[in-house]
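Trainee: Here is my input; please provide its structure:
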Amino acid sequence: MRIALSKSRAVRLAVLVALVSPAGLAPAASADTGTKIIERCTHGQSLGGFSQQDYRRALQELPTEVEEYSDCANLIRRAQLAAAGGGAGAGGAGGAGGAAAVATPLSAAERGALNNVPKSGAAPLRVGGQVVHPGVVHADIASAFSSLPDPLLAVLAFLLACALALGGRAIGRSVRAHRSG
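Mentor: Residues are numbered from 1 along each chain as shown. A predicted model of the protein is given here:
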């Protein structure tokens, strides 16, 4: 069955369809862009070629699990920075291959400051009533043992007990050998 339309009604219907279709598809396409960025990140694909709004949306839509167990949030931010700086590529996602970010060349002042780093030493600072010397790590045995997992501590205690038992036995044999000899 064919519906007969007048020419003016056909034109109005065509204009209405043309106006409604892109407006109806734009939010869906925009909403899918955040998901597309997240999927690309989790699959180790390039994150380049999106708008700032798309990267913001992807960061807002990033599931907690993806944020906790992957580096996608950082990779999306790097891609966002690369896009803002006009970089050629925004980098890939970091599975086994890591992220490929576009490096910004150093200015002459930055290069000079970087070259002077090994030559200059930082002075000690007073932090919380204590003097802190940069580059010096103070460690004590108690903090090293308290950070070890309990099963490892148990194995170490067992090995120490075995060593003491064997050492005691060897000393006992040596004493008996001197007495009898």
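Trainee: Mind jotting down where the strands sit in this structure?
Mentor: Under the criterion DSSP state E, the chain carries strands at the ranges 125-127, 130-132.
Trainee: For the chain, just list every one of the helices.
Mentor: Counting by DSSP state H, one finds helices in the chain at the ranges 7-42, 52-61, 64-69, 72-84, 108-116, 141-146, 150-180.
Trainee: Comparing these, which comes out most buried?
Mentor: When neighbours are counted by mean count of other C-beta atoms under 10 Å, the highest per-stretch mean among the helices of the chain falls to helix 72-84, a mean of 20. Backbone N, C-alpha and C define where each C-beta goes, glycine included.
Trainee: ok and that one relative to helix 52-61, angle-wise?
Mentor: 170 degrees (axes from the mean of the first three to the mean of the last three C-alpha atoms, to 10 degrees).
Trainee: any idea of the mean pLDDT for helix 72-84?
Mentor: Helix 72-84 carries an average pLDDT of 87.
Trainee: How about stretch 114-129?
Mentor: 72.
Trainee: and the end-to-end length of that stretch?
Mentor: With C-alpha to C-alpha, to the nearest Å as the measure, the first residue of stretch 114-129 is 31 Å from its last.
Trainee: So which helix or strand of the chain has the lowest pLDDT on average?
Mentor: Counting by mean pLDDT, DSSP states H and E, the weakest-scoring helix or strand in the chain turns out to be helix 141-146, with a mean of 62.
Trainee: related to what we said a few turns ago, let me have the strands of the chain in a markdown table, extended by distance to Glu110.
Mentor: Shown next, in a markdown table, are the strands of the chain (distance: least, C-beta to C-beta, whole Å):
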| stretch | distance to Glu110 |
| --- | --- |
| strand 125-127 | 24 |
| strand 130-132 | 26 |
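Trainee: show me what contacts Pro63?
Mentor: Contact partners of Pro63, counting by C-beta atoms under 8 Å, 6 or more residues apart in numbering, are Ile38.
Trainee: Using JSON lines, lay out the strands of the chain together with distance to Ala73 and mean neighbour count.
Mentor: Rendered in JSON lines, the data for these read as follows (distance: least, C-beta to C-beta, whole Å; neighbours: other C-beta atoms under 10 Å):
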{"stretch": "strand 125-127", "distance to Ala73": "30", "mean neighbour count": "9"}
{"stretch": "strand 130-132", "distance to Ala73": "31", "mean neighbour count": "10"}
